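Enquirer: fold the following, please.
(one chain, ligands or ions: 2)
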Amino acid sequence: MNLTVADVRLTPVLVADPPLLNTQGVHQPYTPRLIVEVVTADGVTGVGETYGDTTYLELARPFAERLEGRRVSDLNALPTLADEVAVDASRVGNAVDVGGLRGVQTAGKLRLSVLSGFEVACLDALGKALGLPVHALLGGKVRDAVEYSAYLFYKWAGHPRGVPAEPDDWGAALDPAGVVEQARRFTERYGFTSFKLKGGVFPPDEEIAAVRALAAAFPGHPLRLDPNGAWSPATSLRVAEELADVLEYLEDPTLGTAGMAEVAARTGVPLATNMCVTTFSEIKEAFTRDAVQIVLSDHHYWGGLRATRQLAAVCRAFGVGVSMHSNTHLGISLAAMTHVAATLPDLHHACDSHYPWQSEDVLTERLAFEGGRVTVSDAPGLGVELDRDRLAVLHRRWLEDDGALRDRDDAAAMRAADPAWRTPPVPRW
Ligand SMILES: O=C([O-])C(=O)C[C@H](O)[C@@H](O)C(=O)[O-]
Ligand SMILES: [Mg+2]
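Expert: Ligands and ions are numbered 1, 2, ... in the order given. Predicted coordinates:
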């Protein structure tokens, strides 16, 4: 068996995305993702997926060159390869990133986000070569299916007039009744039983009313609200108090470890984060200050599936819970998330996934949610197959784009509807 990487293919794509609202603005009609393929000398191909914005593509190309000639089993060498890739200092602010939604933006985190796409592709190829599923390469699954939550968004019925976009059949959701209706469709279509509402869009009282409406419509079901740090600690505490009896957790109510610690100290509602703890170096302060009770891992920016397991081990040592965050992603990433989630014994919350919002994919067969769960594949590798025709279509869209959509910018997308829109300063409320 020759596990040497003989070829690496990088295919940036633009994927249709509905007009989902968040505190920054609205999703673009198409969002960039990067599909990574590694091909071994024996002709085994592994696939991975990560962020596809220009900054990530710039690093992925030199990373791919360094990977060629290595073996797909050399997973511990990947961080060293990533460290060799130069990061343009103007691309990183070392503060919360411009979009604000992915936490701090550092050179190291950018490298890890790129690395993760390659790690998943290597694991897929290794699994196929050995005849083992990815979860087995991670030590084996402890469950046969992984539970996901319905990821509810305030949304418009369509993208702004004049903006080329794919239609979606979800309709608008701009008030409590619309949110409940969206939740019902999620349960009918996919069987989800936990609900997360993306907040920070409307004044807190309107979002409190939406969560109350969900609690009335789905009594006893786990509910979460995530305003992406849009509130002050005082507002966060008021919302926590008003929704204490129905929230499973409050997610990133306020920005930064100090603010989260202040809120956590004064409420019994657990706080979850995918913004103030997004790198290993942020753990010590956040955990010792008891700022967060649940870390929402994202294998893309934590540096892959094996790093996600390391994060889970650290969380366990500190008595902090772990679950999973999601940005817009395709089926390759959902398969990767499902494999790693299947190996984590202490996963006690349903994971997030944007996948139901994606009408397009690059797989021959979409992954299915049944009873809110994705079955863990026991097929070799990730257990997914690339649809080259679909990949070509979505890549052509990327090639034909004039650059306007190649970097996700929710504030710019909002300006198509409201030319005066600027990313709101935080705290917004
Ligand atoms: O949980 C989160 O914070 C997210 O999923 C961030 C995402 O980017 C979400 O807010 C979005 O796509 O609008
Ligand atoms: Mg979040």
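Enquirer: use CA for all of it now, contacts and neighbours both
Expert: Noted.
Enquirer: helices of the chain, start to end?
Expert: 54-67, 78-84, 107-130, 134-137, 176-190, 204-217, 233-243, 257-265, 283-288, 299-302, 305-318, 331-342, 388-400, 410-415 (DSSP state H).
Enquirer: now these in JSON lines, with mean pLDDT and mean neighbour count?
Expert: JSON lines is the format used below for these (pLDDT from 0 to 100; neighbours: other CA atoms under 10 Å):
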{"stretch": "helix 54-67", "mean pLDDT": "96", "mean neighbour count": "19"}
{"stretch": "helix 78-84", "mean pLDDT": "95", "mean neighbour count": "16"}
{"stretch": "helix 107-130", "mean pLDDT": "97", "mean neighbour count": "26"}
{"stretch": "helix 134-137", "mean pLDDT": "99", "mean neighbour count": "24"}
{"stretch": "helix 176-190", "mean pLDDT": "98", "mean neighbour count": "19"}
{"stretch": "helix 204-217", "mean pLDDT": "98", "mean neighbour count": "19"}
{"stretch": "helix 233-243", "mean pLDDT": "98", "mean neighbour count": "20"}
{"stretch": "helix 257-265", "mean pLDDT": "98", "mean neighbour count": "21"}
{"stretch": "helix 283-288", "mean pLDDT": "98", "mean neighbour count": "16"}
{"stretch": "helix 299-302", "mean pLDDT": "96", "mean neighbour count": "27"}
{"stretch": "helix 305-318", "mean pLDDT": "98", "mean neighbour count": "18"}
{"stretch": "helix 331-342", "mean pLDDT": "98", "mean neighbour count": "26"}
{"stretch": "helix 388-400", "mean pLDDT": "98", "mean neighbour count": "16"}
{"stretch": "helix 410-415", "mean pLDDT": "97", "mean neighbour count": "21"}
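Enquirer: and ligand 1, which of the ones you listed is closest to it?
Expert: For ligand 1, the closest of the helices of the chain is helix 410-415, at 8.0 Å, according to CA to the nearest ligand atom.
Enquirer: which helices and strands sit right next to that closest one?
Expert: strand 25-26 (3 or more CA pairs under 8 Å, 6 or more residues apart in numbering; DSSP states H and E).
Enquirer: what mean pLDDT does the strand it packs on get?
Expert: Per-residue pLDDT over strand 25-26 has a mean of 98.
Enquirer: so does that strand get close to ligand 1?
Expert: No - on the criterion CA under 6 Å from any ligand atom, strand 25-26 is out of touch with ligand 1, staying 7.3 Å away.
Enquirer: picking that back up, to residue 36, which of the helices of the chain lies closest?
Expert: Closest approach to residue 36 among the helices of the chain is made by helix 107-130 (6.3 Å; CA to CA).
Enquirer: pLDDT score for residue 96?
Expert: Predicted confidence (pLDDT) for residue 96: 53.
Enquirer: do the same with the one 10 residues further on
Expert: At residue 106 the predicted local confidence, pLDDT, stands at 88.
Enquirer: get me the contact residues on the stretch 101-250 of the chain for ligand 1.
Expert: Proximity of the stretch 101-250 of the chain to ligand 1 (CA under 6 Å from any ligand atom) is limited to residues 101, 228.
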